[in-house]
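> all I have is the shape, not the residue letters:
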C-alpha cells in the first residue's frame, strides 16, 4: 500500500508541475495587454520566451518540491519532457521564429533544470539538516 501511495503522489507531483507550467504561461498571455505590450514583434517574443523559461523553472521546482521521494529524479523527469518539447518546437517551428528566439529557448533548458532543482529540492535539503 505504501508503494501505491508513493506512486500516486509522484503522479500528482508531476501533474501539478504541468499545471504550474500552464498557469505561468496563461498569466503570460494575460499580462501584455494590461501593461501595454503590443502583440507581435520582438518585445512580445521576448516576453513569451521569458515566461516560457519561468514556466519551466516553476514546473521543475513544483515536481521536485512535492515529490514524495527522489526530488531530483522527479524534476529531471519533468525537465526531460520540457526539453523534448522545446527541441521539437525548435526543429519544427524554427523557420517561423527569429533565430535568436529558437537559440535562446534551447540554451535556456539547462537554466530551467538548474534553477528548478535548486528551488524545488530545498525542502529536502533543509529537512535533512534539521
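Cool, the structure landed. Quantities reported herein were computed from a predicted structural model and do not represent experimental measurements. Numbers count the residues shown, from 1 in each chain.
> CA atoms for contacts and neighbours, from now on please.
Will do.
> mean confidence score for the helix or strand harbouring residue 76?
Residue 76 is part of helix 71-93, with elements assigned from DSSP states H and E. Helix 71-93 comes out with an average pLDDT of 91.
> for that helix, name the packing helices and strands.
On a contact count with 3 or more CA pairs under 8 Å, 6 or more residues apart in numbering; DSSP states H and E, helix 71-93 meets helix 2-35, helix 41-66, helix 99-107, helix 109-120.
> mind putting those into JSON lines with distance to residue 76 and mean neighbour count?
Shown next, in JSON lines, are those (distance: least, CA to CA, whole Å; neighbours: other CA atoms under 10 Å):
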{"stretch": "helix 2-35", "distance to residue 76": "11", "mean neighbour count": "15"}
{"stretch": "helix 41-66", "distance to residue 76": "7", "mean neighbour count": "22"}
{"stretch": "helix 99-107", "distance to residue 76": "16", "mean neighbour count": "15"}
{"stretch": "helix 109-120", "distance to residue 76": "7", "mean neighbour count": "20"}
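> do you know how far residue 45 is from residue 22?
Residue 45 sits 18 Å away from residue 22, going by CA to CA, to the nearest Å.
> residue ranges with poor pLDDT in the chain?
94, 123-130 (pLDDT under 70).
> who are the neighbours in contact with the nearest residue to residue 104 once chain neighbours are set aside?
Leaving aside its sequence neighbours, residue 104 sits nearest to residue 49 (CA to CA, 6 or more residues apart in numbering; 8.0 Å). Residues near residue 49 by CA atoms under 8 Å, 6 or more residues apart in numbering: 101, 104-105.
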